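# Using only what follows, build the 3D model:
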Amino acid sequence: MWVNFSVDLGGGPSGPGNESGNGTFCGFVRLDVNGSYQPVPGATVCVNKTVGEPFFACVLTNDSGFYVFDGNVSAGIYDVTAFKDGVFPPWTFNNISVGVNETVWLDFNVSSGGGPPGPGNESGNGTVCGYVEVSGTGEPIPGATVCVNKTVGEPFFASVLTDESGFYVFDGNVSAGVYDVFAYKEGENGFPPWTVNGVEVVANETNWVNFSIDMGGPPSPPGGNASNVTVRGIVKDHVTRNPLPNVVILLTQGGGPFGGGMGGPDSFTIENTTNSAGEYILDLADAPYGSYTIQASLDGYVTYMNWSLTIDNPGVYWVNITLTPFFTQPTYIVGVVTDNETGETISDAEIILLDTNLTHMLEMGKEDTFSNDTGYFSIRVN
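Coordinates of the predicted model:
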């Protein structure tokens, strides 16, 4: 027997706090490109109900930058946010009201620099640019990632890649303020993050920040243990892409699904925390090759766990991590379980939530994981 889920994205079946019906949010997301607003396909738009029965949902814009929550948003007051990784940071309209059977048009005309106008962001934008080169030789490093992270005032984080000459530029799209600027490159011929702190970006001015990178020499020859192994990476917020400091990183010998190989008699754990740029580094000395589990945890975020880290050669192993923040409002996944053939509702069906990437752990009460007599279920996920 096939069992499908017929889920109402507009707050679930009628019940207390949800008798008022649904409305529609729609609009366009456009990006300012040299004074002309162009559609942004693939941008994420989210609605978060801030008053009354919790409701949160997201959609993607189509090729014309259009998005729609089509009659599936319960009436109420919402914060509406749009963002696209690597293109523009989150922009939010607060306290937007939608009524029953009402269509609310909400267009986002965004820029890549610093979010909508507000306190700490009235001063305009500047430019950050420079070269990333090898120390001593001046050889350019193409394909390196350069990031700017605003440390004072309205948050802003963005990244670009260097071109074939090692040049990068944030061209007039960085809001004025104080930033940490860091560069790194993953993979072959890569290098760990190098950071320049306290860079002041002035509106309508060009701020040069060059990087001269010490590549650290060739890797050590292969051996029978992990004496020459380093595990490192950067931890960021999944939504804002800002680096996260003070994240606790644990590296434990053993791995496999759900950490099945962890905790043997000779198992060991290495611990460290991320710095202000979200960077962490773990050095392995005289440790055996094999499977390892890496875990990242921070208050207010879903714990990350990767069971599939295999260390089989000397060198640097990069594991960059994004942590998903808990929702600020109580958040539920709701729906109705029905028989695929007859359409009849099914009671006492067990509902299981599983992160298909097997990287995030959710803890939920057992009493909330079965459908009721009408087939309805509601699972709180924070």
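# Distance check, T137 against D214.
11 Å (Cβ to Cβ, to the nearest Å). C-beta coordinates here come from the backbone N, C-alpha and C atoms, glycine included.
# What of I234?
For I234, the distance to D214 - Cβ to Cβ - is 19 Å.
# what are the ranges of the helices in the chain?
Here the chain has no helices by DSSP state H.
# circling back to that earlier point, ok, I234 and D214, which is more surrounded?
Set side by side, I234 and D214 show more neighbours around I234, with 24 against 10, by other Cβ atoms under 10 Å.
# What about D373, how many residues nearby?
When neighbours are counted by other Cβ under 10 Å, D373 registers 8.
# what pLDDT does it get?
Looking at D373, its pLDDT reads 87.
# dump the residue contacts of it.
By Cβ atoms under 8 Å, 6 or more residues apart in numbering, the residues touching D373 are S347.
# likewise N95?
50, 77-79.
# Of these, select the buried ones using a PyMOL command.
Only the buried entries of those go into this PyMOL selection, using 16 or more other Cβ atoms under 10 Å:
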select buried, resi 50+78+79
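# Which parts of this structure belong to which domain?
What the record gives for the chain is the domain set 23-111, 125-213, 225-325, 327-381, from the TED database.
# quick one on the thing from earlier: quick one: which of the contacts of N95 sit in strands?
When DSSP state E defines the strands, the subset of the contacts of N95 inside them is 77-79.
# Closest to I379 out of those residues?
Distance ranking of these against I379, using Cβ to Cβ, places Y78 first at 21.6 Å.
# Surely the closest one touches K49?
Yes - applying Cβ atoms under 8 Å, one finds Y78 in contact with K49, separated by 5.4 Å.
# any idea of the mean pLDDT for stretch 94-111?
85.
# Buried residues in it, which are they?
Result for stretch 94-111 [16+ other Cβ under 10 Å]: buried residues 96, 98, 104, 106-108, 110-111.
# Format those residues as a markdown table; extra columns: distance to V337.
As requested, these are exported to a markdown table (distance: Cβ to Cβ, whole Å):
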| residue | distance to V337 |
| --- | --- |
| I96 | 32 |
| V98 | 28 |
| V104 | 31 |
| L106 | 33 |
| D107 | 38 |
| F108 | 36 |
| V110 | 39 |
| S111 | 45 |
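# and the two most separated of the residues you listed?
The span of those, defined through Cβ to Cβ, is set by V98 and S111 at 26.2 Å.
# From the rest of the structure, what touches stretch 198-209?
Contacts of stretch 198-209 with the rest of the structure, by Cβ under 8 Å, 6+ apart, involve 123-130, 148, 151, 174-181, 196.
# Using neighbour counts, trim these to the buried set.
With neighbours counted by 16+ other Cβ under 10 Å, the contacts of stretch 198-209 contain buried members at 125-130, 148, 174-177, 179-181.
# Was I right to think I379 contacts Y332?
Yes - here I379 lies in contact with Y332, judged by Cβ under 8 Å, at a distance of 6.3 Å.
# Present the buried ones among the contacts of stretch 198-209 as a markdown table; the columns should include distance to D70.
Shown next, in a markdown table, are those (distance: Cβ to Cβ, whole Å):
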| residue | distance to D70 |
| --- | --- |
| N125 | 36 |
| G126 | 41 |
| T127 | 41 |
| V128 | 41 |
| C129 | 43 |
| G130 | 46 |
| V148 | 37 |
| V174 | 37 |
| S175 | 35 |
| A176 | 40 |
| G177 | 39 |
| Y179 | 40 |
| D180 | 42 |
| V181 | 42 |
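# possible to save the residues you listed as JSON lines with pLDDT and distance to S297?
Listed next are the buried ones among the contacts of stretch 198-209 as JSON lines, based on pLDDT from 0 to 100; distance: Cβ to Cβ, whole Å:
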{"residue": "N125", "pLDDT": "79", "distance to S297": "36"}
{"residue": "G126", "pLDDT": "84", "distance to S297": "36"}
{"residue": "T127", "pLDDT": "87", "distance to S297": "38"}
{"residue": "V128", "pLDDT": "91", "distance to S297": "32"}
{"residue": "C129", "pLDDT": "92", "distance to S297": "37"}
{"residue": "G130", "pLDDT": "91", "distance to S297": "35"}
{"residue": "V148", "pLDDT": "86", "distance to S297": "27"}
{"residue": "V174", "pLDDT": "83", "distance to S297": "31"}
{"residue": "S175", "pLDDT": "81", "distance to S297": "31"}
{"residue": "A176", "pLDDT": "82", "distance to S297": "35"}
{"residue": "G177", "pLDDT": "82", "distance to S297": "30"}
{"residue": "Y179", "pLDDT": "85", "distance to S297": "27"}
{"residue": "D180", "pLDDT": "82", "distance to S297": "23"}
{"residue": "V181", "pLDDT": "87", "distance to S297": "28"}
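# Pick the one among those residues closest to V68.
Taking Cβ to Cβ as the measure, V68 lies nearest S175 of the buried ones among the contacts of stretch 198-209, at 30.3 Å.
# can you tell me how far the residue most central in space within the chain sits from R380?
Centroid check for the chain by Cα atoms, centre = their mean gives H238 as the closest residue, at 1.4 Å. Computed with Cβ to Cβ, the distance linking H238 and R380 is 20 Å.
# ranking the domains of the chain by mean pLDDT, which is last?
Ranked on mean pLDDT, the bottom entry among these is domain 327-381, at a mean of 72.
# Could you list the buried residues of stretch 297-307?
Of all the residues in stretch 297-307, those buried under the rule 16+ other Cβ under 10 Å are 298, 301-307.
# Correction: the previous question concerned stretch 323-333.
323-324, 329, 331-333.
# which of these sit farthest apart?
Farthest apart among the buried residues of stretch 323-333 - using Cβ to Cβ - are L323 and Y332, which lie 21.3 Å from each other.
# Next, N275: phi, psi?
Here is the backbone geometry of N275 (degrees, to the nearest 10): phi -90, psi -170.
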